[in-house]
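> Fold the following for me, if possible:
(chains A and B)
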Protein chains: 2
Amino acid sequence: MMNIGRYRLGNDTKLKLTSFNPEDTHELKSKEEIHEEYEKLLKRLEEQQDRLFASSSHGVLIVFQGMDCSGKDGVIKKVFHGINPGGFRAYSFKKPNEEEARHDFLWRTHRSVPARGYMTAFNRSYYEEVLITRVHGQISDKEARKRLKSIRHFEEMLTSQNIRVLKFFLHISPEFQLQKIHERMENPEKLWKFDPNDLEERKHWKAYRTAYEEAISRTATKDCPWHIIPSNNRWYRNYLVLRILVEELEKLELAYPQPDVSVASRLETLKEERS
Amino acid sequence: MMNIGRYRLGNDTKLKLTSFNPEDTHELKSKEEIHEEYEKLLKRLEEQQDRLFASSSHGVLIVFQGMDCSGKDGVIKKVFHGINPGGFRAYSFKKPNEEEARHDFLWRTHRSVPARGYMTAFNRSYYEEVLITRVHGQISDKEARKRLKSIRHFEEMLTSQNIRVLKFFLHISPEFQLQKIHERMENPEKLWKFDPNDLEERKHWKAYRTAYEEAISRTATKDCPWHIIPSNNRWYRNYLVLRILVEELEKLELAYPQPDVSVASRLETLKEERS
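Prediction:
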């Protein structure tokens, strides 16, 4: 079985995105090969979510980042399909509004991190504050590095509070992105997703890549690793994310708690009442 | 096909809960009879959610109320299984914290109502402020009626802003509740759900019933109807809620929007770039 460690970045990594192939599917040829395993993984995720909620000892924050059209919406839809929505939330972060922009750069996302017992997915995140802002020259390199340090500290704090932070970079090629934009423009049911701005932003592809490489390199730690997910093939992307997530959750060894009340005598009373 | 109107309460209704049978499954004998239709309804819900999100013309607030063990968690899990979690949120309202309690009684729930484009389920809601508080004598009957008027106005405002409000009362019998509590106490994986307080609260069954009857009667309107869902049979409960929800969404006639940008010329440029 394939080791997911090859997609993980922990401490002291100097990331070069060009050394990751966005077409990679390891030794797998098609979706059909993992269909059965995928269904089992979905069941395992459901089981883990139930334990997470019951134990309330940990929370899980799952951060998705990637270029436009890399499939952040899609991965959330497909991996968390079947999850109990009572214990899960997805937040999408667009351009900050006026109030948010007046706050420190971690303020608006911090409000949405999960409580213990919950799982939360961020579709974009505080990382945008060192990506889009940097590419468009709104912050200096020095400011970006300061922010990256703050992000590392923020994630350390969350981890120490039992909020597990898992980060995924959905890695696509510029050609794949163009193909997706094209599809959106030609399909009447997808046209609403087309944003002319995407065509502008893709001109900055290299600047984004550089900004991502530094952001990821400086914030990949043993406790809060990044995962580089080859995402030109959606089925492989979904499979990898789901597998990493399930394996990480199982490592937490979440157990159903024993309530701190005496049940035995109450159960007796109840049995008498019902008989 | 069964008409769901029989479970709906609109204007000028004086609700008597005893005239609804919590065991009712209409002409259906078992889950198997609706299995196929249920799967189709789930697909229709997914389709409607996609249109809701794309059009962003409406939001949908789904309120679940019911006695302890009536299945509020369960219905959220089963009906919204398969929904895109990117456009859906579930909020559960327990005892207000100090800050919340210092605010007006609609403050904390108002913060969580859906934006246009989104669907939100409330597991308990602002209705608790005229139920549990009233049963325990924390508010007078006069205050309860004032609040019920405010709730009607609040829901009218939401409706006028294109936030559709759908309300469901999950109707169970006291015997069914006792059976559920018993099950929780005997199953190690469900024991964490057991709250000794449930055994206390059930002593107030009649007071709750009266409070519910008045709350529902005074807030069932043509635009913001209540639905009384027989819930002793979980499969029928899920089926009814799902069907009502899908039919209500389809009535909105949600359409994929045409973006306000000229796509044609951009598409030509893009095709040249790719060839």
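
> for chain B, what are the nearby residues on the stretch 1-150 of chain A?
Applying the criterion CB under 8 Å from any CB of the partner chain, the portion of the stretch 1-150 of chain A that neighbours chain B consists of A:54-55, A:73, A:76-77, A:80-86, A:88-90, A:92, A:121, A:123. For every residue, glycine as well, the C-beta is placed using N, CA and C.

> Okay, and which of the residues you listed map to helices?
Cross-referencing these with the helices (criterion: DSSP state H) gives A:54-55, A:73, A:76-77 as the overlap.

> Can you add pLDDT and neighbour count and give these back as JSON lines?
Conversion of these to JSON lines gives the following (pLDDT from 0 to 100; neighbours: other CB atoms under 10 Å in any protein chain shown):
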{"residue": "A:A54", "pLDDT": "93", "neighbour count": "19"}
{"residue": "A:S55", "pLDDT": "93", "neighbour count": "17"}
{"residue": "A:D73", "pLDDT": "95", "neighbour count": "18"}
{"residue": "A:I76", "pLDDT": "97", "neighbour count": "23"}
{"residue": "A:K77", "pLDDT": "95", "neighbour count": "20"}
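
> I'd like a version of these in a markdown table, one that adds distance to B:T109 as further columns.
Written out in a markdown table, the entries for those read as follows (distance: CB to CB, whole Å):
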| residue | distance to B:T109 |
| --- | --- |
| A:A54 | 25 |
| A:S55 | 27 |
| A:D73 | 28 |
| A:I76 | 25 |
| A:K77 | 27 |
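
> Send over stretch A:74-83 as CSV, restricted to the C-alpha atoms.
Taking Å, rounded to 0.1, in the frame of the first residue of the first chain, the C-alpha atoms of stretch A:74-83 are listed here in CSV:
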residue,chain,number,x,y,z
GLY,A,74,-15.0,20.0,-5.1
VAL,A,75,-12.8,18.3,-2.5
ILE,A,76,-15.0,19.6,0.3
LYS,A,77,-18.1,18.3,-1.5
LYS,A,78,-16.6,14.9,-2.2
VAL,A,79,-14.6,14.1,0.9
PHE,A,80,-17.2,15.3,3.4
HIS,A,81,-20.1,13.8,1.5
GLY,A,82,-21.8,11.7,4.0
ILE,A,83,-20.4,13.4,7.0
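
> And that stretch, how far out from the chain middle?
11 Å (CA atoms, centre = their mean, to the nearest Å).

> which residues sit against that stretch?
A:42, A:45-46, A:49, A:64, A:88, A:90, A:119, A:121, A:123, A:168, A:170, A:234, A:237-238, A:241-242, A:245, B:81-82, B:84-86 (CB atoms under 8 Å, 6 or more residues apart in numbering or on different chains).

> Report the buried members of those.
A residue is treated as buried here by neighbour count (16 or more other CB atoms under 10 Å in any protein chain shown); on that basis the buried members of the contacts of stretch A:74-83 are A:42, A:45-46, A:49, A:64, A:88, A:90, A:119, A:121, A:123, A:168, A:170, A:237-238, A:241-242, A:245, B:81-82, B:84-86.

> Out of the helices and strands in chain A, which is least certain?
Taking mean pLDDT, DSSP states H and E as the measure, helix A:264-274 is the helix or strand of chain A with the lowest mean score, a mean of 81.

> close to chain B, is it?
Yes. Legend: contact between helix A:264-274 and chain B by CB under 8 Å from any CB is shown at A:266-267, A:270-271, A:273-274.

> can you pick the most crowded of the residues you listed?
In terms of neighbour count, A:L270 stands highest of the residues of helix A:264-274 next to chain B at 18 neighbours, by other CB atoms under 10 Å in any protein chain shown.

> where does the spatially closest residue to that residue that is not a sequence neighbour fall, helix, sheet strand or coil?
Beyond its immediate neighbours in the sequence, the residue positioned closest to A:L270 (CB to CB, 6 or more residues apart in numbering or on different chains) is B:H182, lying 5.7 Å away. Under the three-state scheme (DSSP: H, G, I helix; E, B strand; the rest coil), B:H182 adopts helix.

> Return the per-residue confidence for B:H182.
Note on B:H182: pLDDT of 92.

> Check A:I216 too.
With respect to pLDDT, A:I216 has a value of 97.

> what packs against the helix or strand that contains it?
Using DSSP states H and E, the secondary-structure element containing A:I216 is helix A:205-219. Using 3 or more CB pairs under 8 Å, 6 or more residues apart in numbering or on different chains; DSSP states H and E as the contact criterion, the elements in contact with helix A:205-219 are helix A:132-135, helix A:141-160, strand A:163-171, strand A:226-230.

> buried stuff in the longest one?
So that's helix A:141-160. Going through helix A:141-160 with 16+ other CB under 10 Å, the ones that come out buried are A:144, A:147-148, A:150-151, A:154-155, A:158.

> other SSEs contacting that helix?
Secondary structure elements in contact with helix A:141-160, counted by 3+ CB pairs under 8 Å, 6+ apart, are helix A:132-135, strand A:163-171, helix A:205-219.

> now do 7 Å
Helices and strands in packing contact with helix A:141-160 are listed as strand A:163-171, helix A:205-219; criterion 3 or more CB pairs under 7 Å, 6 or more residues apart in numbering or on different chains; DSSP states H and E.

> tell me the angle of it relative to helix A:205-219?
Using axes from the mean of the first three to the mean of the last three CA atoms, to 10 degrees, the direction of helix A:141-160 lies 50 degrees away from that of helix A:205-219.

> on that earlier part again, in CSV: the helices and strands packed on helix A:205-219, plus mean pLDDT.
Supplementary listing: these in CSV, determined by pLDDT from 0 to 100:
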stretch, mean pLDDT
helix A:132-135, 93
helix A:141-160, 93
strand A:163-171, 97
strand A:226-230, 97
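
> For the least confident helix or strand of chain A, which helices and strands make contact with it?
For helix A:264-274, the packing partners by 3+ CB pairs under 7 Å, 6+ apart come out as helix B:174-186.

> Past the helix it packs on, which element shows up next along the chain?
Past helix B:174-186, heading to the C-terminal end, the next element that is a helix or strand (DSSP H and E) is helix B:196-201.

> can you tell me the average pLDDT over stretch A:14-27?
Averaging pLDDT along stretch A:14-27 gives 93.

> Give me the contact list for that stretch.
Outside of stretch A:14-27, the residues within contact range by CB atoms under 7 Å, 6 or more residues apart in numbering or on different chains are A:2, A:9, A:171-173, A:176, A:209, A:212-213, A:216-217, A:228, A:230-233, A:236.

> in chain A, what spans have low per-residue confidence?
Across chain A, residues meeting the criterion (pLDDT under 70) sit at A:1, A:12, A:259-261.

> Alpha carbons only: can I get the least confident helix or strand of chain A in PDB?
What follows is helix A:264-274, C-alpha atoms only, in PDB (Å, rounded to 0.1, in the frame of the first residue of the first chain):
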ATOM      1  CA  ALA A 264     -26.800   1.700  37.200                       C
ATOM      2  CA  SER A 265     -29.400   2.800  39.800                       C
ATOM      3  CA  ARG A 266     -31.200   5.100  37.300                       C
ATOM      4  CA  LEU A 267     -31.400   2.200  34.900                       C
ATOM      5  CA  GLU A 268     -33.000   0.000  37.600                       C
ATOM      6  CA  THR A 269     -35.600   2.700  38.300                       C
ATOM      7  CA  LEU A 270     -36.300   3.100  34.600                       C
ATOM      8  CA  LYS A 271     -36.700  -0.600  34.000                       C
ATOM      9  CA  GLU A 272     -39.300  -0.800  36.900                       C
ATOM     10  CA  GLU A 273     -41.200   2.200  35.400                       C
ATOM     11  CA  ARG A 274     -41.400   0.500  32.000                       C
END
